[in-house]
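Peer 1: need a structure here:
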Amino acid sequence: MIIQKTENSRISTFDPNNFSFGNTFIDHMIICEYENGKWGDVKLVPYGPLMFTPAMMGVNYGQACFEGMKAYKDKDGQVFLFRPEKNFERINKSAKRLAMPEVTEEMFLDGLKALVDIDRDWIPYGEGMSLYIRPLIFATEEALKARVSNKYMFAIVATPAKSYYTAPVSVKISDHYSRAASGGVGSAKAAGNYAASFYPTQLAIEEGYEQIIWTDDSTHEYFEESGTMNVFVRINDTIYTPPTSEKILDGVTRDSFIQLAKKRGIDVRIEPIKVKDVIEAQKNGTLKEVWGVGTAVVTTVFEALGYQGEKFALPKLSNEESFAELLKNDLVSLQNNLSEDPFGWRVLVDHVLETV
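Peer 2: Take a look at the predicted model:
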């Protein structure tokens, strides 16, 4: 790895109690270029703009994918990654689906650890605080030709993060738009998936909702995801979540919730969820909770479901009654080294670059 440490650190300007998530970037980033059929050297360099033109193929033809993950700091200042091997596996799954070169485990994991280590002072400590990390791969060849690119860049950037979506939200169950289609790229974290979701979400917001529950593209009879999150439904004391597929993303937080629920002895069923069954359960009083999970938000609890012109209120549960809150607390405690880690999910980031 080639390391170029910044001479103009901005850490003195960072206020961990007052910053903007997604717009505040740490001092460094990881970049690695692919050309002539192979990846070059991984470079840790000062964060900043790169030289590209509007003819870059990633912009014109959409060869771009990314990951979302976090680093956490405990009360002793130790820094941890959370299940980074899952993100490594998934970024390569996305890259393969988009005909892009896969990255090596060394590039991905060593790059992550080096970046988090050198900028560990940027990781805020406290409830809901973390460093959000964005690994990505995108086509960089300068060519207006509708074909696979010959040049790519692997990069990792990061922004300090704090809790958001803390209040319950209202969501609209889509009966027209879908996030993904059979045979498409729904199981990949393709950049274009998110672009295509913005317009339907905008329409839902104009109707008074904060987010959308996506349904299947052929019948709109089944739950798939919610916004940029995986979705969970609790009927009585059983949790349901749709199985992953070529249309549903294999979320790391989703899998963690499932395993934590099973550890607690909660009945979890991974099976298709019919919209009509959820609405019926709301009407007969057996629907207890619906929520979304994802890396950035961890958990977003829903207070109402909108469907075909009607709005259905969900029960207001205390934190002690809510499975969503219970499992969120289990997960956050584990991530922040406040509880035992029986799964081996925490990965300690050693001080390896202190003398660089």
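Peer 1: Could I get the contacting residues of Asn230?
Peer 2: Taking Cβ atoms under 8 Å, 6 or more residues apart in numbering as the criterion, Asn230 is in contact with 241-242, 248-249, 251, 253-254, 292-294. Glycine gets a C-beta too; all of them are placed from N, C-alpha and C.
Peer 1: any idea whether it is helix, strand or coil?
Peer 2: strand (DSSP: H, G, I helix; E, B strand; the rest coil).
Peer 1: Not counting residues beside it along the chain, what's closest to Ile91?
Peer 2: Glu67 (4.8 Å; Cβ to Cβ, 6 or more residues apart in numbering).
Peer 1: give me every residue that touches that neighbour.
Peer 2: Each residue near Glu67 by Cβ under 8 Å, 6+ apart is listed here: 87, 90-91, 133-136, 189.
Peer 1: now with 10 Å?
Peer 2: Glu67 sits next to 84, 86-88, 90-91, 94, 108, 112, 133-137, 156, 189, 252, 295 when contact means Cβ atoms under 10 Å, 6 or more residues apart in numbering.
Peer 1: before we move on, the earlier item: in strands, which of the contacts of Asn230 fall?
Peer 2: Using DSSP state E, the subset of these located in strands is 241, 292-294.
Peer 1: Report the secondary structure state of the closest residue to Ala190 other than its chain neighbours.
Peer 2: With Cβ to Cβ, 6+ apart as the criterion, Ala190 has its nearest non-adjacent residue at 5.3 Å, and that residue is Cys65. In three-state terms, and counting by three-state DSSP, Cys65 is strand.
Peer 1: which stretches of the stretch 1-150 of the chain aren't confidently modelled?
Peer 2: The stretch 1-150 of the chain contains no residues with pLDDT under 70.
Peer 1: can you give me the helices in it?
Peer 2: Assignment of helices within the stretch 1-150 of the chain using DSSP state H, counting those that start in this stretch yields the ranges 57-61, 84-97, 105, 111-118.
Peer 1: Pull out the buried positions in the second one.
Peer 2: Spelled out, it's helix 84-97. Residues of helix 84-97 classed as buried by neighbour count (16 or more other Cβ atoms under 10 Å): 84, 86-88, 90-95, 97.
Peer 1: Tabulate these (a markdown table), appending distance to Glu340.
Peer 2: Output for these, formatted as a markdown table (distance: Cβ to Cβ, whole Å):
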| residue | distance to Glu340 |
| --- | --- |
| Pro84 | 20 |
| Lys86 | 20 |
| Asn87 | 23 |
| Phe88 | 25 |
| Arg90 | 26 |
| Ile91 | 29 |
| Asn92 | 31 |
| Lys93 | 30 |
| Ser94 | 32 |
| Ala95 | 35 |
| Arg97 | 37 |
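Peer 1: what's the closest of those to Ser178?
Peer 2: Ser178 lies nearest to Arg97 out of those, by Cβ to Cβ, at 17.8 Å.
Peer 1: dump the residue contacts of the residue nearest to that closest one when sequence neighbours are not counted.
Peer 2: Excluding the flanking residues, the one nearest Arg97 by Cβ to Cβ, 6+ apart is Ala188, at 4.4 Å. Contact analysis of Ala188 by Cβ under 10 Å, 6+ apart lists 65, 90-91, 93-98, 180, 246, 249.
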